[in-house]
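K.L.:
Okay, here's the prediction I keep looking at, along with the sequence it came from:
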Amino acid sequence: MTFRVATFNLKDFFDPRTDDERPIVERKLESVASLLREADADVIALQEVGSPSLLDRLLVDHLDGLGYHKPHVGPGDRRGIGNAIVTRLRVESRALISAGKLKFPRFSTTDPEPYANVPLRRAVVQLTVDAPGIGLVNVLTVHFKSRLATPLKDEAQAPVIDRSPRTIAEAHLRSFVMRSAEALHVRSAVDALLDRDPERGVVVLGDFNDELDSLPTRVVRGSFTYVEPERVLESCAERVPAELRFSILHGGSRQLIDHILAPPRLAARLEGAAILNETLRDHGPYVPDGPIASDSDHAPVVASFRSS
């Protein structure tokens, strides 16, 4: 018996907005369902859920035989997308981790808070599930800020357009700060869970919008000198052969930005991992408010843990 978890960014999982999009959304439901049936996970972390009713349709009409309960869906961001968790295991507790303002490191204890307008844009969805043969496991689903540059905003929150090299660099640094602040907030949540019960399993999974060795991902992992080894989260996807270790295709580049992380006590039970990227395709540059695609631009990442 195994305990299987998966993470999958569905990409703009919205209801059709026009009659032309109706058949596209139906094809998307089939595409997503096919991959989730292949994953056959006990717990599924989902990102970019824009329609809870469409998610209900997916579970009832396409995945009915897999025994999933009503999903735990977080609130949408300004674009209307949020995180969700689906499970077929007994749920001990549910929670949403949110923040109107994220803290960021200061250089001195006397410094003011450096940023007044960095929110946690997509709430972290948390379930505590009872995994047979393992016990209670805290599962946290994240979707961090993308690596797209973040322009300066004026008083009306309209972007200030300036294409000088310095200004463009500043925009990329804003994006990095936002992603790093989100990562610090999630790491604080992980530390609190481990402080409360170091024996209980923890899995952090989702779309980090950064690769494993990036600073934001390392923040969540706790991958730094002097951190106690039992608090360093390990990447389950490291079990996947290097040539297959990618979850997106972007500009001809294969990248792994969707991760499943677990502390050593749970990672020691890891039997295997897979990335279901055989049908993955490059969707090209991001287009704001673009048309709905019939598939996702991410591949599901799956990990299996020995449960006894």
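P.N.:
Done, it's in.
K.L.:
V142 contacts V186, doesn't it?
P.N.:
Yes: the criterion here is C-beta atoms under 8 Å, and V142 meets it with V186 at 5.7 Å. Any C-beta I mention is one placed from the backbone N, CA and C, and that applies to glycine too.
K.L.:
Now do the shared contacts for those two.
P.N.:
124, 204, 220 (C-beta atoms under 8 Å, 6 or more residues apart in numbering).
K.L.:
Most neighbours of all the residues you listed, which one?
P.N.:
Using other C-beta atoms under 10 Å as the neighbour test, these are led by V204, with 27 neighbours.
K.L.:
tell me the centre residue of the chain?
P.N.:
For the chain, the residue nearest the mean C-alpha position is G206 (2.1 Å; C-alpha atoms, centre = their mean).
K.L.:
Touching, it and E48? I think so.
P.N.:
No: contact criterion C-beta under 8 Å: G206 and E48 do not qualify, at 10.5 Å.
K.L.:
Quickly list what's touching both of these two.
P.N.:
Contacts common to G206 and E48, judged by C-beta under 8 Å, 6+ apart, are 9, 143.
K.L.:
Relative to L270, which of the shared contacts of V142 and V186 is nearest.
P.N.:
Using C-beta to C-beta, V204 comes nearest to L270 of the shared contacts of V142 and V186, at 14.5 Å.
K.L.:
Adjacent strands (with direction) for whatever helix or strand that closest one lives in?
P.N.:
Element membership for V204 (DSSP states H and E) is strand 201-207. Sheet pairing here is set by DSSP bridges, and for strand 201-207 it gives strand 135-143 (parallel), strand 258-262 (antiparallel).
K.L.:
so what secondary structure elements neighbour the helix or strand following that strand?
P.N.:
Next in sequence after strand 201-207, counting helices and strands by DSSP H and E, comes helix 215-221. If contacts are counted by 3 or more C-beta pairs under 8 Å, 6 or more residues apart in numbering; DSSP states H and E, helix 215-221 sits against helix 165-196, strand 258-262.
K.L.:
Just name the most buried of the ones you listed.
P.N.:
strand 258-262 (a mean of 25; mean count of other C-beta atoms under 10 Å).
K.L.:
got a list of contacts for that strand?
P.N.:
Contacts of strand 258-262 (C-beta under 8 Å, 6+ apart): 5-9, 201-208, 212, 217, 220-221, 233-237, 247-248, 270, 273, 298-303, 305.
K.L.:
Can you dump the C-alpha atoms of it in CSV for me?
P.N.:
C-alpha atoms of strand 258-262 as CSV (Å, rounded to 0.1, in the frame of the first residue of the first chain):
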residue,chain,number,x,y,z
ASP,A,258,6.3,22.3,-9.8
HIS,A,259,7.6,20.6,-6.7
ILE,A,260,6.7,18.1,-4.0
LEU,A,261,8.7,18.7,-0.8
ALA,A,262,8.8,16.5,2.4
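K.L.:
Pull up the gap between the residue nearest to the centre of the chain and D295, please.
P.N.:
19 Å (C-beta to C-beta, to the nearest Å).
K.L.:
thinking again about what came up before, distance to E243 for the helices and strands packed on helix 215-221 - can I get that in TSV?
P.N.:
Shown next, in TSV, are those (distance: least, C-beta to C-beta, whole Å):
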stretch	distance to E243
helix 165-196	27
strand 258-262	17
